[in-house]
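Visitor: Next come a sequence and a model predicted from it.
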Amino acid sequence: AQSVTQLDSQVPVFEEAPVELRCNYSSSVSVYLFWYVQYPNQGLQLLLKYLSGSTLVKGINGFEAEFNKSQTSFHLRKPSVHISDTAEYFCAVSGNSNYQLIWGAGTKLIIKP
Amino acid sequence: ETGVTQSPTHLIKTRGQQVTLRCSSQSGHNTVSWYQQALGQGPQFIFQYYREEENGRGNFPPRFSGLQFPNYSSELNVNALELDDSALYLCASSLQGENTQYFGPGTRLTVL
């Protein structure tokens, strides 16, 4: 069975500072990995995804993530955050034969002015 | 290109009632998945529909049922509503064989 752990429920960071949101997964099969963002009272928007190939994945809004198979991690990073990045971020995984997404509990990114 | 749309936006029901939520998939997508997101939690997979048939189901009781229509739109039906069914219900569409799902804005269901 697959599972996803987001280690931090909240991450406060000053505006223009770098940020890393952590995601670890467990799976006995090859996986596909995703980061979604949810702004208040809205649905989920895809930030980036890892399907295969280069382990460094670039997404929208200046975010990037690195797939680390040995550490079973897929941490999300941004070099300089903006107040508009305030949102909840979800990491998700799916297997290659089952497109069901398994989700982490989410990390709230709080930008301090 | 039209994105995923859901209706209604908000809904209030009482325990024991039945509810139907609707989803229109993104243009060209033939697969629809439904998720339940309780307050403060990540989404939980309910089921997926492809070619008008259920193509996978999560750990939800049979009172959660669905339909997919020939135009790929979908309905989620919940019978005998319970207080714990209060949540944001998210619909996602995708192309069968591709792994990326695109989400609608959700329907907020409150059960009193």
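Guide: In hand now; what should we look at? Quick caveat: nothing in here was measured; it's all calculated off a predicted structure. Residues are numbered from 1 along each chain as shown, chains lettered A, B, ... in the order given.

Visitor: Tell me how far the residue nearest to the spatial centre of chain A lies from chain B.
Guide: By Cα atoms, centre = their mean, chain A has its centre lying nearest to residue A:35, at 3.6 Å. To chain B, residue A:35 is 12 Å away according to Cβ to the nearest Cβ, to the nearest Å. For the C-beta atoms, the positions are set from N, CA and C on the backbone; glycine is no exception.

Visitor: For residue A:50, which residues are in contact?
Guide: Shown in contact with residue A:50 (Cβ atoms under 8 Å, 6 or more residues apart in numbering or on different chains): A:32-34, A:57, A:65, A:67, A:74.

Visitor: Phi, psi for it please.
Guide: phi -120, psi 120 (degrees, to the nearest 10).

Visitor: just to revisit the earlier point, which of the contacts of residue A:50 fall in strands?
Guide: A:32-34, A:57, A:65, A:67, A:74 (DSSP state E).

Visitor: how about low-confidence regions in chain A?
Guide: Within chain A, the stretches with pLDDT under 70 are A:96-98.

Visitor: about what we covered before: residue B:79: which of the ones in strands among the contacts of residue A:50 is nearest?
Guide: residue A:34 (31.6 Å; Cβ to Cβ).

Visitor: how about that closest one, what does it touch?
Guide: Contact analysis of residue A:34 by Cβ under 8 Å, 6+ apart lists A:46-50, A:91-94, A:101, B:100.

Visitor: could I get the residues you listed as a markdown table with distance to residue A:110 and secondary structure?
Guide: Putting the contacts of residue A:34 into a markdown table (distance: Cβ to Cβ, whole Å; DSSP: H, G, I helix; E, B strand; the rest coil) gives the following:
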| residue | distance to residue A:110 | secondary structure |
| --- | --- | --- |
| A:46 | 22 | strand |
| A:47 | 17 | strand |
| A:48 | 21 | strand |
| A:49 | 25 | strand |
| A:50 | 26 | strand |
| A:91 | 18 | strand |
| A:92 | 21 | strand |
| A:93 | 25 | strand |
| A:94 | 28 | strand |
| A:101 | 25 | coil |
| B:100 | 28 | coil |
